[in-house]
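S.K.: Coordinates only, no sequence provided:
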């Protein structure tokens, strides 16, 4: 698999050129990498949850819609955001954000499938819902130290929160309550925080997150990081230890705007890669629509002096 490292390191971003927002990549037991993304409108209609497949993290084949059947509570709307997929070894579990039919706010849904490509079958009720866009960007994490299953989510100018899941990962654990783990602040990029992704590395838990405006034109968005001793923190932001202006590890540059909403994937050689979306300043809009085209990007991620570093640190 050394060829994989060389191929991706030499690859030119983006690795998927069309709109592929809020990406997540899963290394599946079949040896393929599966990438999932927010809905996309095409010439033939809507794709609720995009899914693509790759052997090398560079060349991707479009597999269509991972969630072709909408849940009953959201079958009259068209807002499916920020999918996240995990596996328990027997089935695949998809978490997603969606408007519900009463359009009183966004919800978190869950669906299951026997294949990483889907089709995923949604559960009959959402995990949680409420006003505004607070309940978005779900991320599921299995703690390697305790074996507990956690779900992180949040935006809407409120804190990122976490709550324990049941053993089957389809509901919140009885008696559990959401706990706040990271708050918006006056620090750069942090008026709004979202897109949580947690990684355990070297005994520490690294909370990656994004802020604060993904979708304006131009965007003002970056990937940031904090770390703590447990999945619940307390999390210390990078700039509080480094003395830097902000906690960003990935920022815009002259070519690419609004990099963010990242995931981390580890290849067979143990090399970490950060995947995220960004807007090409030369090709801002998706052809045929007025939507920003947030393409799929990938860069090598290393840890230096106890903190993650993206080679760049721009696309």
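M.R.: Sure, I can see it. These figures come from a predicted structure and were not determined experimentally. Numbers count the residues shown, from 1 in each chain.
S.K.: can we go C-alpha only for contacts and neighbour counts from here?
M.R.: Noted.
S.K.: quick one, what contacts residue 248?
M.R.: Applying C-alpha atoms under 8 Å, 6 or more residues apart in numbering, we find residue 248 in contact with 222, 223, 224, 225, 238.
S.K.: ok, it to residue 259 distance?
M.R.: Distance of residue 248 to residue 259, given as C-alpha to C-alpha, to the nearest Å: 11 Å.
S.K.: which residues are in contact with both of these two?
M.R.: The contact sets of residue 248 and residue 259 overlap at 222, 223 (C-alpha under 8 Å, 6+ apart).
S.K.: roughly how far apart are residue 299 and residue 23?
M.R.: Residue 299 sits 14 Å away from residue 23, going by C-alpha to C-alpha.
S.K.: ah, wrong one, I meant residue 35
M.R.: 7 Å.
S.K.: same question, residue 261
M.R.: Counting by C-alpha to C-alpha, the gap from residue 261 to residue 23 is 7 Å.
S.K.: what do you get for residue 270?
M.R.: Computed as C-alpha to C-alpha, the residue 270 to residue 23 distance reads 21 Å.
S.K.: Who has more neighbours out of the two?
M.R.: Neighbour count, other C-alpha atoms under 10 Å: between residue 270 and residue 23, residue 23 has more, with 27 against 8.
S.K.: Show the contacting residues for the residue lying closest to that one once chain neighbours are set aside.
M.R.: Residue nearest to residue 23 in three dimensions, not counting chain neighbours: residue 37, with 4.6 Å by C-alpha to C-alpha, 6 or more residues apart in numbering. Neighbouring residues of residue 37 by C-alpha under 8 Å, 6+ apart: 20, 21, 22, 23, 24, 49, 50, 51, 81, 82, 83.
S.K.: what sits against the second one?
M.R.: This means residue 21. Applying C-alpha under 8 Å, 6+ apart to residue 21 gives the contacts 37, 38, 82, 276, 277, 293, 294, 295, 296.
S.K.: Mind doing that once more with 10 Å?
M.R.: 36-40, 50, 81-83, 214, 260-262, 276-279, 292-296 (C-alpha atoms under 10 Å, 6 or more residues apart in numbering).
S.K.: so it, which of the three states?
M.R.: Following DSSP: H, G, I helix; E, B strand; the rest coil, residue 21 is assigned to coil.
S.K.: How much space separates it from residue 39?
M.R.: Per C-alpha to C-alpha, residue 21 is found 8 Å from residue 39.
S.K.: and for these two, which residues touch both?
M.R.: 50, 81, 82, 83.
S.K.: which SSE is the last one in?
M.R.: Using DSSP states H and E, residue 83 sits in strand 80-87.
S.K.: and that strand, what other elements does it pack with?
M.R.: strand 24-27, strand 33-37, strand 50-54, strand 92-99, strand 106-113, strand 139-142 (3 or more C-alpha pairs under 10 Å, 6 or more residues apart in numbering; DSSP states H and E).
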